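Asks: give me a model of this one.
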Amino acid sequence: MTKNSQNGAQLPLVIVNPKSAGGATKGDWAAKASDLRAHFGAFQVAFTKQQGDGNLLAKRAAEQGRNFVIACGGDGTINEVANGILESGADIELGILPSGTGGDFRRTLGFSNEPREAAKQLRNGETKMIDVGKVTFFNHEGEQTSRYFLNVASFGLSASIIENVKTKTSLNWLPNNLLRGKASFALSTLQEVIALDTKTVRVKMDDAEEKSLNTINFCVCNSRFFGGGMKIAPDAKINDGFFDVVNIGDIKTAKILLNAYTLYQGSHLNLKEVKATLAKKIEVKAANNQEIHLEIDGELPGKLPATFEIVPNALKVRVPKN
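Replies: Prediction:
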């Protein structure tokens, strides 16, 4: 890439995932680029080709001395770019140009899902330091590894739904990739709820004693939303130095279906089976030999045992002005 400069610094780099939004980003990119250029200003662009490219491109941007990188895609793309920035150790500001099916991180920050308005918010936004989560776990090859997350890391029902979605092909007859993704998520949710499986784990939070816990879904939340708009942690703040830990305990299938709407309102915390607390470090392992998969910002990179740690004021992010 050329080293054009703007006010003495290199142009912002936009890292685009053309496969995001069910592949719609590829076809919409010309219009998004026009809106961004008109309402934000000049920039350079790099496209991801496969999973993990967002991380590598962000690290390359750090090596080139970039000071502002914009992730264009969904929560998975944003996660990859953020991990690249954090692993590089460089003083780079992260921006968001939403173009995905979930949009959970942009909801927490307050970004519009409309490209033109999001471009204006980027231009007029302010810089804030936010916390990130760091989770150390075992990947599918059995190797211990670590990864940062911005939204939520969880296990239980949420991971099972995502796993079901990623392996489902029965809806390939639908003509629209985005529609197919939403329909697949809804169908997978219903299937997993009907076949509900309570898991038993051993949990240690901060300096408290380790205890046994039954869970349908266990969520370690840095931000408020996950699962495409579910307000799983309505009180979460991205700069308070704490995780909001939400456990959905032993709850019956019928009650889940009847109260599903509360997850979008954030009122599920009123259910007696749901418990929430604040913590900085959480250690979790299966209480038996059961293999329990992890979901991290919508991806499935591994399994328990895992340790979740808050990293305060770790990432510089451009956010809309109130």
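
Asks: C-alpha from now on. contacts and neighbour counts both.
Replies: Will do.

Asks: now do the strands in the stretch 101-250 of the chain.
Replies: For the stretch 101-250 of the chain, the strands defined by DSSP state E, counting those that start in this stretch cover 126-139, 144-149, 152-156, 199-205, 211-215, 217-221, 243-248.

Asks: ok, which of these comes nearest residue 267?
Replies: When the strands of the stretch 101-250 of the chain are ranked by distance to residue 267, counting by Cα to Cα, first place goes to strand 243-248 at 12.5 Å.

Asks: pairing partners for the closest one, with directions?
Replies: Each strand pairing with strand 243-248, determined using DSSP bridges, is listed with its direction: strand 217-221 (antiparallel), strand 274-279 (antiparallel).

Asks: what does it contact?
Replies: Contacts with strand 243-248, where a contact means Cα atoms under 8 Å, 6 or more residues apart in numbering, come from 133, 215-222, 232-233, 235-236, 273-280, 310.

Asks: change it to 7 Å
Replies: Outside strand 243-248, the residues within contact range by Cα atoms under 7 Å, 6 or more residues apart in numbering are 215-222, 233, 236, 273-280, 310.

Asks: now do stretch 27-35
Replies: When contacts are taken as Cα under 7 Å, 6+ apart, the neighbours of stretch 27-35 outside the stretch itself are 115, 116, 119.

Asks: just put these in a markdown table and tack on neighbour count and pLDDT.
Replies: Written out in a markdown table, the entries for these read as follows (neighbours: other Cα atoms under 10 Å; pLDDT from 0 to 100):
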| residue | neighbour count | pLDDT |
| --- | --- | --- |
| 115 | 20 | 88 |
| 116 | 21 | 91 |
| 119 | 26 | 94 |
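
Asks: return the member of these nearest to residue 83.
Replies: Taking Cα to Cα as the measure, residue 83 lies nearest residue 119 of those, at 22.9 Å.

Asks: the closest one touches residue 37, doesn't it?
Replies: No - contact status for residue 119 versus residue 37: not in contact, 8.2 Å apart, counting by Cα atoms under 7 Å.

Asks: my read: residue 138 touches residue 300, true?
Replies: No - taking Cα under 7 Å as the definition, residue 138 is not a contact partner of residue 300, at 11.2 Å.

Asks: so where's the stretch 101-250 of the chain uncertain?
Replies: The stretch 101-250 of the chain contains residues with pLDDT under 70 at 160, 162, 164-196.

Asks: for this protein, what's the longest strand?
Replies: Of all the segments assigned as strand in the chain under DSSP state E, the longest by residue count is strand 299-319.

Asks: run the angle between that one and strand 274-279 for me.
Replies: With axes from the mean of the first three to the mean of the last three Cα atoms, to 10 degrees applied, the angle from strand 299-319 to strand 274-279 works out at 60 degrees.

Asks: need the phi and psi values for residue 296.
Replies: Listed backbone geometry of residue 296 is phi -130, psi 110, with angles given as degrees, to the nearest 10.

Asks: state the distance from it to residue 233.
Replies: Look at residue 296 and residue 233: by Cα to Cα, to the nearest Å, they are 15 Å apart.

Asks: so what sits opposite the nearest residue to residue 66 once chain neighbours are set aside in the bridge?
Replies: The spatial neighbour of residue 66 that comes closest, neighbours along the chain excluded (Cα to Cα, 6 or more residues apart in numbering), is residue 10 at 6.0 Å. Beta-bridge pairing for residue 10 (DSSP bridges): residue 5.

Asks: same check, this time on residue 306
Replies: For residue 306, the residues forming beta bridges with it (DSSP bridges) are residue 284.

Asks: now the one 5 residues further on
Replies: Per DSSP bridges, the residues bridged to residue 311 are residue 132.

Asks: which residues touch it?
Replies: With contact taken as Cα under 7 Å, 6+ apart, residue 311 is in contact with 131, 132, 133, 134.

Asks: can you do 10 Å?
Replies: 130, 131, 132, 133, 134, 148, 239, 241, 242, 243, 280, 281 (Cα atoms under 10 Å, 6 or more residues apart in numbering).

Asks: dump the strands of the stretch 101-250 of the chain into CSV; add mean neighbour count as well.
Replies: Output for these, formatted as CSV (neighbours: other Cα atoms under 10 Å):
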stretch, mean neighbour count
strand 126-139, 20
strand 144-149, 18
strand 152-156, 24
strand 199-205, 18
strand 211-215, 16
strand 217-221, 26
strand 243-248, 24
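
Asks: make JSON lines from those strands and add distance to residue 110 to it.
Replies: Output for the strands of the stretch 101-250 of the chain, formatted as JSON lines (distance: least, Cα to Cα, whole Å):
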{"stretch": "strand 126-139", "distance to residue 110": "12"}
{"stretch": "strand 144-149", "distance to residue 110": "18"}
{"stretch": "strand 152-156", "distance to residue 110": "17"}
{"stretch": "strand 199-205", "distance to residue 110": "30"}
{"stretch": "strand 211-215", "distance to residue 110": "31"}
{"stretch": "strand 217-221", "distance to residue 110": "17"}
{"stretch": "strand 243-248", "distance to residue 110": "19"}
